[in-house]
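Asker: Starting from these lines, generate the structure:
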Amino acid sequence: MAVPSKFGAQLALGRCCYYLVDHKRGVSVLFQQAIETVRPQVIPLGIATKLPDSDPACGIAGAGMIINPDGWFITAQHIFNEIGKLHQQIVAAQETDTPPETVSRYTVFFGPPRVSLERLIPCPEIDLCIGKLKNYTAPSGFIFPTFRSRPLGLGEILCRIGFPLLDPVPVKWDNSTGFEVATSSLDVPHFVNDAMVSRLVMTPTGPRWIETSTPGIPGQSGGPLVDTGGLICGLDSHVEKYSPRPNRAHTIGRAVHVHAIREELLKHNIQHQTL
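Answerer: Now for the predicted structure:
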């Protein structure tokens, strides 16, 4: 890795990763600028539910990333699988004329205000979901993400960003208007952690998965993995457990490789930036 002259490279003992230090400020800055660029692009996905004879509840299910001015975003498919199960339960209840007060309710909230879900394109074979937000307007000066085109290397350090370890989101229920969540309640803090590229899982058409030395945390699913330049390298998916021997398991992280993401975006003619 080429190190600019104003920076020094140091080895973080015990963490097996390199970081850059700005000697003028005396702080590590390896991902600092990249995160400042990417953070506004990453939005929380909240799911609110109302079960019969109970109070409503809302929690952050994961993250998504807005990728162009038309409001298209990407996230993990398994987040919407859970929503699909709730939807099937509601449809089944409606078909059997179940009393409304005994039917579970749900809705999905997104970070930007006054938006709703317009379209979904599921890609379950790679745990990717492409969606479009209705009524989305980008803030003035908003910078959309750029997807990396050059190959990833083993041992490269990436950074995850998402929304784990959060308290439940305050939500109200009204029998006439449904769920009410204050926009400020979805202005939740981002959480970042490191991920070393340990192995690439290949297919005949190219890399599909990134396996990382450390797993993501629930709430980071659907969020991006970025390099030090802020380029999108993958999308956090799930924890993978390997059990080579009885009673011994190794846990690693798995993310959708940027190559597989771009294949799906190109297939559906969805605008995105690459470098």
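Asker: CA only for contacts and neighbour counts going forward, please
Answerer: Noted.
Asker: Is residue 43 bridged to anything, and to what?
Answerer: residue 64 (DSSP bridges).
Asker: doesn't residue 110 make contact with it?
Answerer: Yes. Using Cα atoms under 8 Å, residue 43 makes contact with residue 110 at a distance of 6.8 Å.
Asker: So for these two, which residue has more residues nearby?
Answerer: Neighbours per residue (other Cα atoms under 10 Å) separate residue 43 from residue 110, with residue 43 holding more: 25 against 20.
Asker: Now do the more buried one, the pLDDT please.
Answerer: Per-residue confidence (pLDDT) for residue 43: 95.
Asker: List the contacts of it.
Answerer: Contacts for residue 43 were tallied using Cα atoms under 8 Å, 6 or more residues apart in numbering; they are 63, 64, 65, 66, 110, 111, 112.
Asker: so which of those residues comes closest to residue 217?
Answerer: Proximity of these to residue 217 (Cα to Cα) peaks at residue 63, which lies at 11.5 Å.
Asker: where's that closest one relative to residue 237, distance?
Answerer: Here residue 63 is placed at a distance of 11 Å from residue 237 (Cα to Cα, to the nearest Å).
Asker: what does residue 225 give?
Answerer: Taken as Cα to Cα, the span from residue 225 to residue 237 is 10 Å.
Asker: any residues in contact with both of those two?
Answerer: With Cα under 8 Å, 6+ apart, residue 225 and residue 237 have common neighbours residue 255.
Asker: Would you mind confirming that residue 67 is in contact with residue 42?
Answerer: No. In this structure, residue 67 is not within contact of residue 42 by Cα under 8 Å, at 9.4 Å.
Asker: quick one: contacts for residue 187?
Answerer: Counting by Cα under 8 Å, 6+ apart, residue 187 has contacts residue 111.
Asker: Mind doing that once more with 10 Å?
Answerer: 43, 44, 111, 112 (Cα atoms under 10 Å, 6 or more residues apart in numbering).
Asker: Over to residue 263?
Answerer: Taking Cα under 10 Å, 6+ apart, one finds 205, 206, 269 in contact with residue 263.
Asker: any idea how far residue 149 is from it?
Answerer: With Cα to Cα as the criterion, residue 263 and residue 149 are 12 Å apart.
Asker: hang on, the earlier thing: where do the contact lists of residue 63 and residue 237 overlap?
Answerer: By Cα under 10 Å, 6+ apart, the residues touching both residue 63 and residue 237 are 75, 76, 79, 220, 221, 222, 223, 224.
Asker: Most neighbours among those, which one?
Answerer: residue 222 (34 neighbours).
Asker: That one against residue 126, yeah?
Answerer: No. Residue 222 is beyond contact range of residue 126, at 11.7 Å (criterion: Cα atoms under 10 Å).
Asker: okay, and the common contacts of these two?
Answerer: 76, 77, 237, 255, 256.
Asker: Please list only the buried members of the residues you listed.
Answerer: 76, 77, 237, 255, 256 (16 or more other Cα atoms under 10 Å).
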